[in-house]
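Undergrad: Sequence below, structure please.
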Amino acid sequence: MKIFFDGSDLHEIGAVLERGLARGITTNPTQISEQAAGRPLHHIQRIVRLVEQRDLELPISVQVMAHDPGDIEYQARRIIDEVAYKQLVIKIPCSWELLPVISRLAGDGVPVNCTACVTVSQSLIAASAGARYVSLFCGKMSDAGLDPATVIAEAAPLVEKQGGELIAASLRRSFDVPVFARAGAHITTLPLRYLEPLAAHPKTVEAVDLFARNYVPLEETGRTEPR
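TA: Down below sits the predicted model:
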């Protein structure tokens, strides 16, 4: 399972990229508005530059929001033109009214992330319309009494058969990551607050502390470069 970073904070994105963790980045309108000070396109371009400065080509998902499907398609195409990043992914919420937009964008070669899905049927219909990624909102699913792992296990093969990838999104606990990986999710997208705990455990700290107490410095040899 691949890890995508979920967030728009440039410092956090830099920290995750530095560690080689992210195979993609997902954002949402709330995150962008918190960081962009009324200039969402400018902030998206800053995220793109941050990725490009590291000679990376990562899919970056940007969500469009409007009440009218025509407005959503207009926003999507404007973002594509102005950002001019070949790995840009357009996030579009799952609904019957927006499936034509997903289909048209996908037909024009634009990768689409169909977001806010919570059921197997939504996952199937989104992938069938051409969505490259299908995002299941696992936290919302739990709120509705659905078992995310069960839905992922059923939906992932269906999405894959359509040429797409299923994203386990909107997680609320770090320890759900291996659960959803075993269930078959192709990707999980996580904010920094859930990524950091994945690299930590009290027993690891205990072992390292023991090693530090028993550590004997290497003797001086006069050699400055390893062979």
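
Undergrad: can you tell me the average pLDDT over stretch 111-130?
TA: Across stretch 111-130, pLDDT averages out at 98.

Undergrad: buried set for it?
TA: For stretch 111-130, a neighbour-count test (16 or more other Cβ atoms under 10 Å) marks 111-120, 122-130 as buried. (C-beta placed from N, C-alpha, C; glycine too.)

Undergrad: what do you get for stretch 184-198?
TA: G184, A185, H186, I187, T188, T189, L190, P191, Y194, L195.

Undergrad: Bridged to the fourth one, which residues?
TA: Going back to what we said before, that points to I187. Note on I187: beta-bridge partners by DSSP bridges are K2, I167.

Undergrad: All the helices of this structure, residue numbers only.
TA: Counting by DSSP state H, one finds helices in the chain at the ranges 10-18, 29-36, 40-52, 69-83, 99-107, 120-129, 138-143, 148-161, 176-183, 192-195, 202-214.

Undergrad: What are the contacting residues of the fifth one?
TA: When you say that, I think you mean helix 99-107. Contacting residues not belonging to helix 99-107 are listed as 69, 72-73, 76, 90, 92, 112, 114, 125-126, 129-132 [Cβ atoms under 8 Å, 6 or more residues apart in numbering].

Undergrad: Any chance of TSV for those residues, columns distance to E165?
TA: Converted to TSV, the contacts of helix 99-107 look like this (distance: Cβ to Cβ, whole Å):
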residue	distance to E165
P69	24
I72	22
E73	23
A76	20
I90	15
I92	16
V112	12
C114	11
I125	16
A126	12
A129	15
G130	13
A131	9
R132	7
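
Undergrad: For stretch 79-90, which outside residues touch it?
TA: Residues outside stretch 79-90 that contact it (Cβ under 8 Å, 6+ apart) are 24, 41, 44-45, 48, 57-64, 76, 105, 110-113, 132-133.

Undergrad: try it again with 7 Å
TA: Residues outside stretch 79-90 that contact it (Cβ atoms under 7 Å, 6 or more residues apart in numbering) are 41, 44-45, 48, 57-62, 64, 76, 105, 110-113, 132-133.
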